[in-house]
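[1] sequence and predicted model, in that order:
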Amino acid sequence: MELLKSAQARVAGRKQVVRALKAGTARRAYVAEDADTFLFQEVIRAAEAARIPCVRVSTMKELGMLCGVDVPTAAAAVLQ
């Protein structure tokens, strides 16, 4: 979790995370366990396909706070 908080380059949101995973620019992905099942699975599958570790965070609100945004976030990634 500290890696996400201190990262200079990161993205928040499912669409941007999946895009970064497919482009090969993500170092680690994070996904909220209370996110919609479809969104959760999409991020998990993209991380597995990219062979990138995916860390599960308990709530979207917590993940949003870790990213430094004021809204709940389903997914986030630390970029290379």
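    On my side now, so go ahead. Keep in mind that this is a model prediction, so the values were computed, not measured. Numbers count the residues shown, from 1 in each chain.

[2] wait, what's in contact with the residue sitting furthest away from the middle of the chain?
    Residue distances from the centre of the chain (Cα atoms, centre = their mean) peak at D70, which lies 15.7 Å from the mean C-alpha position. Applying Cβ atoms under 8 Å, 6 or more residues apart in numbering to D70 gives the contacts G64. Bear in mind the C-beta positions are built from the backbone N, C-alpha and C, glycine included.

[3] doesn't it lie inside a strand?
    No. With DSSP: H, G, I helix; E, B strand; the rest coil as the criterion, D70 is coil rather than part of a strand.

[4] from P53, how far out is it?
    Using Cβ to Cβ, to the nearest Å, D70 is found at 27 Å from P53.

[5] longest strand of this structure?
    strand 26-32 (DSSP state E).

[6] now do the helix or strand just after that one, average pLDDT.
    Of the helices and strands lying after strand 26-32 in sequence (DSSP states H and E), the nearest is helix 37-50. What helix 37-50 shows for mean pLDDT is 97.
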